[in-house]
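S.K.: model this:
(one chain, ligands or ions: 1)
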Amino acid sequence: MKKKEKQKLGFALCGSFCTFEKIFGVMEQLAQTYDMTVIMSPTVYGTDSRFGRAADFIRHAEALSGKKVLKELKEVEPFGPKALLDLLLIAPCTGNSLAKLAAGIADTSVTLAAKAHLRNERPLILAPSSNDGLAGNAKNIGELLNRRNVYFVPFGQDDPDQKPRSLVAHMERIPETLLLAAEGQQIQPILY
Ligand SMILES: Cc1cc2nc3c(=O)[nH]c(=O)nc-3n(C[C@H](O)[C@H](O)[C@H](O)COP(=O)(O)O)c2cc1C
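M.R.: Next comes the predicted model:
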(Lines give C-alpha, C1' and ligand atoms only; values in the text may rest on other atoms or scores of the structure.)
Protein backbone atom coordinates (compact mmCIF):
# COMPACT_ATOMS: atom_id res chain seq x y z
CA MET A 1 0.00 0.00 0.00
CA LYS A 2 1.20 3.52 -0.81
CA LYS A 3 2.25 5.50 2.26
CA LYS A 4 0.13 8.63 2.87
CA GLU A 5 2.13 11.80 2.32
CA LYS A 6 2.52 14.14 5.26
CA GLN A 7 0.77 17.51 5.04
CA LYS A 8 3.11 20.43 4.52
CA LEU A 9 2.99 22.85 7.42
CA GLY A 10 4.65 26.25 7.57
CA PHE A 11 5.41 27.16 11.20
CA ALA A 12 6.11 30.90 11.42
CA LEU A 13 7.36 32.57 14.59
CA CYS A 14 7.08 36.25 15.54
CA GLY A 15 8.81 38.05 18.39
CA SER A 16 6.70 37.22 21.43
CA PHE A 17 9.68 35.60 23.09
CA CYS A 18 7.97 34.77 26.39
CA THR A 19 5.90 32.11 24.58
CA PHE A 20 8.87 30.30 23.03
CA GLU A 21 9.25 27.60 25.65
CA LYS A 22 5.66 26.50 25.02
CA ILE A 23 5.95 27.07 21.28
CA PHE A 24 8.96 24.80 20.92
CA GLY A 25 7.10 22.10 22.85
CA VAL A 26 4.30 22.35 20.28
CA MET A 27 6.83 22.38 17.44
CA GLU A 28 8.32 19.12 18.74
CA GLN A 29 4.86 17.59 18.74
CA LEU A 30 3.96 18.80 15.24
CA ALA A 31 7.27 17.63 13.79
CA GLN A 32 6.01 14.06 14.29
CA THR A 33 3.00 14.47 12.01
CA TYR A 34 3.79 17.21 9.50
CA ASP A 35 6.42 17.93 6.90
CA MET A 36 7.37 21.18 8.61
CA THR A 37 9.10 24.32 7.33
CA VAL A 38 10.00 26.93 9.96
CA ILE A 39 9.89 30.63 9.14
CA MET A 40 11.21 33.29 11.54
CA SER A 41 10.53 37.01 11.43
CA PRO A 42 13.70 39.11 11.21
CA THR A 43 13.12 40.07 14.86
CA VAL A 44 13.10 36.44 15.95
CA TYR A 45 16.05 35.49 13.76
CA GLY A 46 18.18 38.33 15.11
CA THR A 47 17.25 38.87 18.77
CA ASP A 48 18.87 37.42 21.88
CA SER A 49 16.66 38.14 24.90
CA ARG A 50 16.20 36.98 28.46
CA PHE A 51 14.09 34.18 27.03
CA GLY A 52 16.98 32.68 25.05
CA ARG A 53 19.52 33.12 22.28
CA ALA A 54 18.49 33.40 18.65
CA ALA A 55 21.16 30.92 17.54
CA ASP A 56 19.79 28.28 19.93
CA PHE A 57 16.21 28.74 18.71
CA ILE A 58 17.36 28.52 15.09
CA ARG A 59 19.36 25.36 15.76
CA HIS A 60 16.45 23.75 17.59
CA ALA A 61 13.97 24.59 14.80
CA GLU A 62 16.34 23.26 12.13
CA ALA A 63 16.87 20.03 14.08
CA LEU A 64 13.11 19.49 14.41
CA SER A 65 12.21 20.33 10.81
CA GLY A 66 15.33 18.96 9.15
CA LYS A 67 15.46 22.14 7.03
CA LYS A 68 17.02 25.59 7.09
CA VAL A 69 14.91 28.21 8.84
CA LEU A 70 13.52 30.69 6.30
CA LYS A 71 13.92 34.36 7.15
CA GLU A 72 14.22 36.30 3.87
CA LEU A 73 11.46 37.62 1.63
CA LYS A 74 12.90 35.80 -1.37
CA GLU A 75 12.83 32.49 0.53
CA VAL A 76 9.10 32.65 1.29
CA GLU A 77 7.81 34.29 -1.89
CA PRO A 78 7.63 30.88 -3.70
CA PHE A 79 4.91 29.79 -1.22
CA GLY A 80 2.54 31.64 -3.57
CA PRO A 81 3.41 30.57 -7.12
CA LYS A 82 4.63 27.09 -6.17
CA ALA A 83 1.87 26.43 -3.58
CA LEU A 84 4.42 24.86 -1.25
CA LEU A 85 2.34 24.68 1.94
CA ASP A 86 -0.97 23.04 2.84
CA LEU A 87 -1.25 25.02 6.09
CA LEU A 88 0.52 28.06 7.49
CA LEU A 89 0.59 28.65 11.25
CA ILE A 90 1.83 31.92 12.79
CA ALA A 91 2.59 31.14 16.43
CA PRO A 92 3.18 33.34 18.26
CA CYS A 93 1.68 36.17 16.23
CA THR A 94 2.71 39.53 17.71
CA GLY A 95 0.62 42.67 17.81
CA ASN A 96 3.01 44.07 15.22
CA SER A 97 2.38 41.24 12.75
CA LEU A 98 -1.38 41.15 13.46
CA ALA A 99 -1.53 44.84 12.55
CA LYS A 100 0.44 44.28 9.36
CA LEU A 101 -1.70 41.33 8.30
CA ALA A 102 -4.89 43.27 8.95
CA ALA A 103 -3.56 46.19 6.90
CA GLY A 104 -2.30 44.06 4.01
CA ILE A 105 1.36 44.84 4.72
CA ALA A 106 3.84 42.11 3.72
CA ASP A 107 7.32 43.42 4.50
CA THR A 108 8.73 40.56 6.61
CA SER A 109 9.34 36.86 6.01
CA VAL A 110 6.27 36.04 8.13
CA THR A 111 3.81 38.54 6.68
CA LEU A 112 4.89 37.83 3.10
CA ALA A 113 4.62 34.09 3.74
CA ALA A 114 1.02 34.72 4.86
CA LYS A 115 0.18 36.82 1.82
CA ALA A 116 1.77 34.36 -0.60
CA HIS A 117 0.05 31.38 1.04
CA LEU A 118 -3.39 33.04 1.15
CA ARG A 119 -3.18 33.61 -2.58
CA ASN A 120 -3.73 29.86 -2.91
CA GLU A 121 -6.92 29.98 -0.79
CA ARG A 122 -5.35 27.72 1.83
CA PRO A 123 -5.71 27.98 5.63
CA LEU A 124 -3.72 30.52 7.64
CA ILE A 125 -3.86 29.91 11.39
CA LEU A 126 -3.01 32.66 13.87
CA ALA A 127 -2.02 32.28 17.54
CA PRO A 128 -1.96 35.85 18.89
CA SER A 129 0.19 36.99 21.77
CA SER A 130 0.02 40.71 22.41
CA ASN A 131 -0.14 43.03 25.41
CA ASP A 132 -2.48 45.31 23.49
CA GLY A 133 -4.90 42.68 22.18
CA LEU A 134 -7.74 44.42 24.00
CA ALA A 135 -6.45 47.88 23.17
CA GLY A 136 -4.80 49.08 19.95
CA ASN A 137 -4.80 45.64 18.35
CA ALA A 138 -8.41 44.68 19.13
CA LYS A 139 -9.56 46.13 15.83
CA ASN A 140 -6.96 44.09 13.93
CA ILE A 141 -8.05 40.85 15.55
CA GLY A 142 -11.62 41.79 14.63
CA GLU A 143 -10.58 42.46 11.06
CA LEU A 144 -8.75 39.12 10.77
CA LEU A 145 -11.61 37.14 12.37
CA ASN A 146 -13.65 38.25 9.40
CA ARG A 147 -11.06 37.32 6.75
CA ARG A 148 -11.54 34.33 4.43
CA ASN A 149 -9.26 31.32 5.10
CA VAL A 150 -7.97 32.79 8.39
CA TYR A 151 -8.47 30.74 11.58
CA PHE A 152 -7.59 31.46 15.19
CA VAL A 153 -6.09 29.32 17.91
CA PRO A 154 -8.39 29.92 20.91
CA PHE A 155 -7.18 32.86 22.97
CA GLY A 156 -7.96 34.72 26.18
CA GLN A 157 -6.68 37.11 28.80
CA ASP A 158 -3.51 35.67 30.32
CA ASP A 159 -3.15 38.06 33.25
CA PRO A 160 -6.16 40.37 33.67
CA ASP A 161 -4.83 41.91 36.91
CA GLN A 162 -1.30 42.82 35.84
CA LYS A 163 -1.84 43.08 32.06
CA PRO A 164 -5.50 44.02 31.63
CA ARG A 165 -5.28 44.48 27.84
CA SER A 166 -3.17 41.40 27.08
CA LEU A 167 -4.38 38.44 24.99
CA VAL A 168 -2.52 35.16 24.48
CA ALA A 169 -3.50 32.05 22.53
CA HIS A 170 -3.78 28.71 24.31
CA MET A 171 -0.77 27.29 22.50
CA GLU A 172 -1.52 23.71 23.60
CA ARG A 173 -4.66 23.89 21.40
CA ILE A 174 -2.60 24.42 18.23
CA PRO A 175 -2.63 20.77 17.03
CA GLU A 176 -6.43 20.42 17.11
CA THR A 177 -6.91 23.92 15.66
CA LEU A 178 -4.78 22.86 12.69
CA LEU A 179 -6.73 19.63 12.16
CA LEU A 180 -10.03 21.53 11.99
CA ALA A 181 -8.66 24.40 9.91
CA ALA A 182 -7.47 21.86 7.34
CA GLU A 183 -11.16 20.87 7.04
CA GLY A 184 -12.22 24.50 6.69
CA GLN A 185 -13.53 24.75 10.26
CA GLN A 186 -12.80 27.22 13.05
CA ILE A 187 -12.28 25.48 16.40
CA GLN A 188 -14.71 26.62 19.11
CA PRO A 189 -14.85 28.30 21.50
CA ILE A 190 -12.46 30.89 20.13
CA LEU A 191 -12.50 32.93 23.31
CA TYR A 192 -11.99 31.76 26.91
C1 LIG B 1 11.89 40.31 25.06
C2 LIG B 1 10.79 40.79 24.16
C3 LIG B 1 9.51 40.29 24.34
C4 LIG B 1 8.46 40.71 23.50
N5 LIG B 1 7.20 40.18 23.70
C6 LIG B 1 6.20 40.53 22.86
C7 LIG B 1 4.91 39.94 22.99
O8 LIG B 1 4.67 39.07 23.84
N9 LIG B 1 3.94 40.31 22.13
C10 LIG B 1 4.15 41.25 21.16
O11 LIG B 1 3.22 41.56 20.41
N12 LIG B 1 5.37 41.83 21.02
C13 LIG B 1 6.39 41.50 21.83
N14 LIG B 1 7.63 42.08 21.68
C15 LIG B 1 7.81 43.11 20.65
C16 LIG B 1 8.02 42.53 19.27
O17 LIG B 1 9.13 41.64 19.27
C18 LIG B 1 8.21 43.68 18.28
O19 LIG B 1 6.98 44.39 18.13
C20 LIG B 1 8.73 43.23 16.93
O21 LIG B 1 8.75 44.34 16.05
C22 LIG B 1 7.84 42.14 16.35
O23 LIG B 1 8.25 41.85 15.03
P24 LIG B 1 7.59 40.59 14.27
O25 LIG B 1 6.11 40.70 14.45
O26 LIG B 1 8.02 40.79 12.85
O27 LIG B 1 8.19 39.37 14.89
C28 LIG B 1 8.71 41.67 22.50
C29 LIG B 1 10.01 42.16 22.31
C30 LIG B 1 11.02 41.73 23.13
C31 LIG B 1 12.42 42.26 22.89
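S.K.: and the longest helix anywhere in the chain, anywhere near the ligand?
M.R.: In the chain, taking DSSP state H as the definition, the longest helix is helix 20-33. No - Helix 20-33 stays clear of the ligand (C-beta under 6 Å from any ligand atom), getting no nearer than 9.5 Å. No exception for glycine: its C-beta is placed from N, CA and C like everyone else's.
S.K.: in that helix, what's buried?
M.R.: Of all the residues in helix 20-33, those buried under the rule 16 or more other C-beta atoms under 10 Å are 20, 22, 23, 24, 26, 27, 30, 31.
S.K.: leaving out chain neighbours, which residue sits closest to the fourth one?
M.R.: This points to residue 24. Distance criterion C-beta to C-beta, 6 or more residues apart in numbering; nearest residue to residue 24, sequence neighbours excluded, is residue 60 at 6.0 Å.
S.K.: any low-confidence regions in this protein?
M.R.: 1-2 (pLDDT under 70).
S.K.: so which residues of it form strands?
M.R.: 8-13, 35-40, 87-93, 124-130, 150-152, 155-156, 167-169 (DSSP state E).
S.K.: could these go into a markdown table alongside distance to the ligand and mean neighbour count?
M.R.: Listed next are the strands of the chain as a markdown table, based on distance: least, C-beta to the nearest ligand atom, whole Å; neighbours: other C-beta atoms under 10 Å:
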| stretch | distance to the ligand | mean neighbour count |
| --- | --- | --- |
| strand 8-13 | 8 | 26 |
| strand 35-40 | 8 | 23 |
| strand 87-93 | 7 | 27 |
| strand 124-130 | 4 | 27 |
| strand 150-152 | 15 | 21 |
| strand 155-156 | 12 | 19 |
| strand 167-169 | 8 | 25 |
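S.K.: shouldn't residue 191 be in contact with residue 157?
M.R.: No - if you go by C-beta atoms under 8 Å, residue 191 and residue 157 don't touch, sitting 9.5 Å apart.
S.K.: got the residues of the protein near the ligand?
M.R.: Counting by C-beta under 6 Å from any ligand atom, the residues of the chain near the ligand are 14-18, 41, 43-44, 47, 49, 94-97, 108, 110, 129-131.
S.K.: from these, which land in helices?
M.R.: Going by DSSP H, the helices hold 43, 44, 95, 96, 97, 110 from the residues of the chain next to the ligand.
S.K.: which two in those are spaced the farthest apart?
M.R.: Greatest spatial distance among those (C-beta to C-beta): 44 and 95, at 14.5 Å.
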